[in-house]
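A predicted structure for the sequence below; I have some questions about it.
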Amino acid sequence: MPVSPIKMADAIRVLSMDAVHKAKSGHQGMPMGMADVATVLWSKFLKFDAAKPDWADRDRFVLSAGHGSMLIYSLLHLTGFKAMTMKEIENFRQWGSLTPGHPEVHHTPGVECTTGPLGQGLATAVGMAMAEAHLASRFGKDIVDHRTWVIAGDGCLMEGVSHEAISIAGRLKLSKLTVLFDDNNTTIDGVATISETGDQVMRFKAAGWAVKVVDGHDHGKIAAALRWATKQDRPTMIACKTLISKGAGPKEGDPHSHGYTLFDPEIAASRVAMGWDAAPFTVPDDIAKAWKSVGRRGAKVRKAWEAGLKASAHAAEFTRAMSGGLPAKAFEAVDAHIAKMAETKPANATRVHSGAALDHLIPAIPEMIGGSADLTGSNNTFVKGMTAFDTPDYAGRYVHYGVREFGMAAAMNGMALHGGVIPYSGTFLAFADYSRAAIRLGALMGAKVIHVMTHDSIGLGEDGPTHQPVEHVASLRAIPNLLVFRPADAVEAAECWKIALQQTTTPSVMALSRQKTPGVRTSGEQNLSAKGAYELLAAEGGEAAVTIFATGTEVGVAVAARDILQGQGKPTRVVSVPCWELFEQQPAAYRKAVIGTAAKRVAVEAGIRQGWERFIGEDGAFIGMTGFGASAPFERLYKEFGITAEAVAAAAA
């Protein structure tokens with residue numbers, strides 16, 4: 001006799017309830033409430049094979065409401081993902097387990113992205129759908145044809161990033177994206193309506209989505225709604241009316257059960273209410289077999305797809321792109337460009353130098369997909385010949401994100417996690433604060449994303465202190481697993497692009513100037529920026545008495561200061577520091593040699609001092625900013641704030 005789908009859903013409820021109870025920490029409310037929806041999705045619609053979690057053409061399932069992590073852990077265990085044993089379920093939220101408090105990609109097989117900060121899972125999923133659409137255009141639907149499914153709750157849809165994400169998705173008509181809204185009117189403080197009066201259904205409709213409302217506990221109606229979603233020509237949102245902690249006896253529907261760990265009597269009452277008499281962490285054989293069958297359901301489709309890929313003319317290129325490997329001659333053109341720049345030493349803004357490097361990289365690396373948050377002309381992220389990524393064929397490689405920095409950064413994370421594309425996009429560095437949460441999450445996930453951030457200092461000039469970043473470079477350097485580049489000229493800009501593109505598990509930030517800066521490198525044969533810091537100019541006339549450290553546009557200031565000091569009979573060396581993080585990865589002997597033994601060390605950067613002690617010590621001199629900027633031409637600003645060659649030379653006295 002077939003197992004009832006309700007009993008299959010109850011298996012999710014009981015495992016979630018037991019794991020949270022044992023850990024005395026976590027959220028069983030959402031997993032229990034959305035168990036019916038998840039059961040229908042995974043058993044009838046989701047394309048996956050539990051035996052091959054990384055199958056390239058699988059559907060992507062994103063639990064944006066990451067606090068309900070026991071929902072996905074239960075599903076992974078029940079469907080037979082090898083790594084998700086019952087022991088892992090029992091060790092929920094414990095040290096070393098595959099069941100951390102919130103789902104983490106690359107940690108738990110079957111988890112597509114790290115979620116927890118509400119709304120970001122939804123925004124990341126938009127990027128996954130974008131990557132699928134683009135790759136389907138590039139390689140054909142025989143190779144790329146899958147959907148992205150998202151479970152999001154009231155909290156996800158309250159967060160501002162959700163507005164940006166659904167707006168982008170609606171504009172692009174990403175028809176293979178479906179959001180399943182856990183519409184239970186619940187947040188931690190109580191019913192959601194104590195802080196929300198908006199109509200989520202109408203909001204999605206206004207953003208261009210197809211929307212349906214369904215009873216989230218009626219399996220037949222859920223299946224009909226999911227079937228409907230697969231036939232739409234735009235993204236879909238299904239508002240699933242649910243009861244939080246469904247099946248939890250007296251706590252069913254109680255808004256306080258969001259983060260409330262059930263006590264023993266309540267656990268017993270829940271088991272009675274569900275008619276579940278198995279011991280804790282035990283799934284009856286018939287139910288377990290039914291779920292394992294679900295996990296094997298996609299094996300035939302997966303094997304047929306693998307055979308089709310093997311026979312395809314696109315097989316090698318698709319496999320290379322999905323693995324993250326670069327084309328054989330990816331850097332041939334840009335290397336020639338570097339050699340020319342080292343010879344000619346052009347003076348220009350580093351944003352222009354970055355754009356020039358992209359001119360040579362975009363044609364050579366078809367995986368690169370660019371964009372900008374409505375600042376294309378300022379960010380220099382567009383290369384001649386690129387076309388817009390847009391409906392209906394999505395073959396274009398340039399995304400017009402609109403003024404949506406946070407949504408843009410989160411979508412790029414999703415594109416990178418999906419695989420097959422290398423996303424980069426631009427905004428002003430001062431607006432890194434808008435996208436910082438996604439930058440941090442990208443670093444945590446190891447997403448290969450490149451954030452182009454121009455107008456990197458007070459040197460942007462007349463727009464004034466609201467747009468002039470002073471603490472932003474330091475704040476980005478504080479994020480683990482993030483490379484922050486501040487190149488000095490055309491050679492360093494191109495070198496930094498090469499480094500960023502060669503990363504596999506690390507995102508990058510390119511901090512680039514608006515104002516012109518002189519060329520300082522006379523050789524491009526070796527990628528010196530890859531060392532993070534290097535001696536640009538040695539001292540002349542004896543052992544160095546002064547070492548000047550600088551980044552970006554201030555390297556030119558350091559070189560001019562060196563000329564002054566050398567003229568005064570003080571042997572001075574200049575060290576360019578394009579990337580602190582790479583410098584820290586160098587051997588101790590190299591770091592010691594670069595810092596040197598000069599009695600006087602000075603650092604110059606048009607930002608705050610924080611962190612520069614690594615190079616100059618507590619007693620070293622720093623020339624930079626101690627407050628906000630002002631509105632004026634950049635030459636006047638540098639003079640008024642004392643970021644000049646004369647000031648650097650004076651500090652070395």
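It's in. Numbers count the residues shown, from 1 in each chain.

for the stretch 51-200 of the chain, just list every one of the helices.
In the stretch 51-200 of the chain, helices defined by DSSP state H, counting those that start in this stretch lie at 70-78, 86-90, 120-139, 154-158, 160-172, 200-206, listed in chain order.

spatially nearest residue to R93, not counting backbone neighbours?
Spatially, and ignoring its direct neighbours in sequence, R93 is nearest to A23 (4.5 Å; Cβ to Cβ, 6 or more residues apart in numbering). Quick note: C-beta positions are derived from backbone N, CA and C, even for glycine.

would you format the helices of the stretch 51-200 of the chain as JSON lines with distance to I422, mean pLDDT and mean neighbour count included?
Output for the helices of the stretch 51-200 of the chain, formatted as JSON lines (distance: least, Cβ to Cβ, whole Å; pLDDT from 0 to 100; neighbours: other Cβ atoms under 10 Å):
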{"stretch": "helix 70-78", "distance to I422": "27", "mean pLDDT": "98", "mean neighbour count": "28"}
{"stretch": "helix 86-90", "distance to I422": "33", "mean pLDDT": "98", "mean neighbour count": "17"}
{"stretch": "helix 120-139", "distance to I422": "10", "mean pLDDT": "98", "mean neighbour count": "28"}
{"stretch": "helix 154-158", "distance to I422": "27", "mean pLDDT": "97", "mean neighbour count": "22"}
{"stretch": "helix 160-172", "distance to I422": "19", "mean pLDDT": "98", "mean neighbour count": "24"}
{"stretch": "helix 200-206", "distance to I422": "30", "mean pLDDT": "98", "mean neighbour count": "17"}
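
reformat those as a markdown table; add distance to V594.
Shown next, in a markdown table, are the helices of the stretch 51-200 of the chain (distance: least, Cβ to Cβ, whole Å):
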| stretch | distance to V594 |
| --- | --- |
| helix 70-78 | 46 |
| helix 86-90 | 45 |
| helix 120-139 | 38 |
| helix 154-158 | 46 |
| helix 160-172 | 40 |
| helix 200-206 | 54 |
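
quick check: which of the ones you listed is nearest to G370?
In terms of Cβ to Cβ, the element of the helices of the stretch 51-200 of the chain nearest to G370 is helix 120-139, at 12.0 Å.

what separates the closest one from the chain centre, distance-wise?
Centre-to-centre, helix 120-139 and its host chain are 13 Å apart (Cα atoms, centre = their mean, to the nearest Å).

residues in contact with the helix or strand where A239 lies?
Following DSSP states H and E, one finds A239 within strand 236-241. Residues outside strand 236-241 that contact it (Cβ atoms under 8 Å, 6 or more residues apart in numbering): 34, 37, 166, 175, 177-184, 200-201, 204, 209-216, 222, 225-226, 228-229.

what is the burial count for the residue nearest to R93?
18 (other Cβ atoms under 10 Å).

contact partners for it?
F92, R93, Q94.

likewise R351?
Applying Cβ under 8 Å, 6+ apart, the residues contacting R351 are S378, N379, N380, T454, H455, L512, S513, R514.

doesn't it lie inside a strand?
No: under the criterion used here (DSSP: H, G, I helix; E, B strand; the rest coil), R351 is helix, not part of a strand.

coming back round to it: and the gap between the residue nearest to R93 and P103?
Remark: distance between A23 and P103 (Cβ to Cβ, to the nearest Å) = 15 Å.

next one: A373
The gap separating A373 from P103 is 28 Å, by Cβ to Cβ.

likewise K251?
Computed as Cβ to Cβ, the K251 to P103 distance reads 24 Å.

so which residues of the stretch 501-650 of the chain form strands?
Per DSSP state E, counting those that start in this stretch, the stretch 501-650 of the chain carries strands over the ranges 508-511, 516-517, 534-537, 546-550, 572-576, 600-604, 621-623.

picking that back up, and the strand holding A239, which strands flank it?
Strand 236-241 sits in its sheet next to strand 177-183 (parallel), strand 210-215 (parallel), going by DSSP bridges.

after it comes which helix or strand?
Going down the chain from strand 236-241, the next helix or strand is helix 264-274, by DSSP H and E.

that following helix packs against which elements?
Counting contacts by 3 or more Cβ pairs under 8 Å, 6 or more residues apart in numbering; DSSP states H and E, helix 264-274 packs against helix 5-23.

give me the mean pLDDT for the helix it packs on.
For helix 5-23, mean pLDDT is 97.

stretch 526-544 now?
What stretch 526-544 shows for mean pLDDT is 97.

turn the contacts of R351 into JSON lines, columns for distance to A83, pLDDT and neighbour count.
Output for those, formatted as JSON lines (distance: Cβ to Cβ, whole Å; pLDDT from 0 to 100; neighbours: other Cβ atoms under 10 Å):
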{"residue": "S378", "distance to A83": "46", "pLDDT": "98", "neighbour count": "16"}
{"residue": "N379", "distance to A83": "41", "pLDDT": "98", "neighbour count": "26"}
{"residue": "N380", "distance to A83": "44", "pLDDT": "98", "neighbour count": "24"}
{"residue": "T454", "distance to A83": "43", "pLDDT": "98", "neighbour count": "26"}
{"residue": "H455", "distance to A83": "45", "pLDDT": "98", "neighbour count": "27"}
{"residue": "L512", "distance to A83": "42", "pLDDT": "98", "neighbour count": "28"}
{"residue": "S513", "distance to A83": "47", "pLDDT": "98", "neighbour count": "29"}
{"residue": "R514", "distance to A83": "49", "pLDDT": "98", "neighbour count": "21"}
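
redo those residues as TSV? Include distance to P578.
Formatted as TSV, the contacts of R351 follow (distance: Cβ to Cβ, whole Å):
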residue	distance to P578
S378	22
N379	19
N380	18
T454	16
H455	18
L512	12
S513	13
R514	18
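
which of these fall within helices?
Assigned to helices by DSSP state H, the following of these qualify: S378, N379.

now for I458: which residues touch it?
Here I458 is in contact with Q468, V470, A606, M625, G629, A630, F634, L637, Y638, F641, I643 (Cβ under 8 Å, 6+ apart).

before we move on, the earlier item: which PyMOL command selects the buried ones in the contacts of A23?
Those of the contacts of A23 that count as buried under 16 or more other Cβ atoms under 10 Å are selected in PyMOL with:
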select buried, resi 92+93
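
need the contacts of A23 in JSON lines (columns: distance to A544).
JSON lines is the format used below for the contacts of A23 (distance: Cβ to Cβ, whole Å):
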{"residue": "F92", "distance to A544": "57"}
{"residue": "R93", "distance to A544": "54"}
{"residue": "Q94", "distance to A544": "54"}
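
out of the contacts of A23, which is nearest to I564?
For I564, the nearest member of the contacts of A23 is R93. The distance, counting by Cβ to Cβ, is 59.8 Å.

surely the closest one and T99 touch.
Yes: using Cβ atoms under 8 Å, R93 makes contact with T99 at a distance of 6.8 Å.

what helix or strand does the nearest residue to Q120 once chain neighbours are set aside sit in?
Leaving out its chain neighbours, the residue that sits closest to Q120 by Cβ to Cβ, 6+ apart is A410, at 5.3 Å. Applying DSSP H and E as the criterion places A410 in helix 405-418.

what of G426?
Using DSSP H and E, G426 maps to strand 422-428.

wait, isn't H146 in contact with F48?
No: counting by Cβ under 8 Å, H146 stays clear of F48, with 9.4 Å between them.
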